[in-house]
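> Build me a structure from this.
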Amino acid sequence: MKKSIFAIVLMATVAACGAPTTDTASEGDSMAADAPAESGLFADLGGEASGPVYTATKGDTLAVSGYDVVSYFTGDGVPVEGSDDYTVRYEGYDYRFASEDNANTFVEDPSKYVPAYGGYCAWAIGAKDSLAPGDPNVYEIVDGTLYLNFSEDVKKNWVVDIPGFIESGDTNYPTHSPDEHYQD
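Take a look at the predicted model:
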């Protein structure tokens, strides 16, 4: 008898797991509905990176050291760390946000908020055509684009000729492969 009950419960569980799901989200619901439930993501925008994106270690997916890229452009412009509750995957990398509003703002136009040169140091890519980590606390917004630099000392070099370094960086960065990563 116990074996029969167990078999019935097992078959019901298998049938329930294989049943098609229905999407009950309405158009007014949060963008979180677009993210797969098992991933823990607020949203997954898909896409592939066109160039390297700086992460702490090769193979990592956390971009901008977990800082909320929308926060650079809002309020007092002071960057804040994001929460893993509001993680949006874009072009294979995870961007974290401090609030649902910031995550939704990013979802609407991610290319507006991601840092130039994949978050690598703007001076290094512009002046040396090399990849160096970008520090999320050492930044400049130029013509609506976020640029990170390695350190305050490096930023002093970058501000000497921002337009020239941006021009060089815009030429140099696309020559780097998306799977390239900064090496010590």
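
> Now do residue 109, the pLDDT please.
Looking at residue 109, its pLDDT reads 98.

> Residue 48 now?
pLDDT, residue 48: 94.

> Doesn't it belong to a helix?
No: going by DSSP: H, G, I helix; E, B strand; the rest coil, the assignment for residue 48 is coil, not a helix.

> show me what contacts it?
With contacts defined as CB atoms under 8 Å, 6 or more residues apart in numbering, the neighbours of residue 48 are 91-92, 178. The way it works is simple: take the backbone N, C-alpha and C, and place the C-beta from them, glycine included.

> What does it show for phi and psi?
In terms of degrees, to the nearest 10, the main-chain angles of residue 48 are phi -120, psi 140.

> Can you tell me the SS state at the residue positioned nearest the centre of the chain?
Taking CA atoms, centre = their mean, the centroid of the chain lies closest to residue 95, which sits 2.9 Å from it. Classification of residue 95 by three-state DSSP places it in strand.

> my read: residue 67 touches residue 83, true?
No: taking contacts as CB atoms under 8 Å, residue 67 lies outside contact range of residue 83: 11.2 Å.

> Between the two, which contacts overlap?
residue 96.

> between these two, who's got more neighbours?
When residue 67 and residue 83 are compared for neighbours, residue 67 comes out ahead with 25 against 17, by other CB atoms under 10 Å.

> ok, that one to residue 48 distance?
Using CB to CB, to the nearest Å, residue 67 is found at 22 Å from residue 48.

> where does the chain have low pLDDT?
Within the chain, the set of residues satisfying pLDDT under 70 comprises 1-39, 184.

> just the strands in the protein please.
With DSSP state E applied, the chain shows strands at 43-44, 83-90, 93-97, 135-142, 145-149, listed in chain order.

> Most tightly packed of those strands?
strand 93-97 (a mean of 25; mean count of other CB atoms under 10 Å).

> neighbours of residue 58, just the number please.
11.

> Please verify my assumption that it contacts residue 181.
Yes: with contact defined as CB under 8 Å, residue 58 counts as touching residue 181 (4.1 Å).
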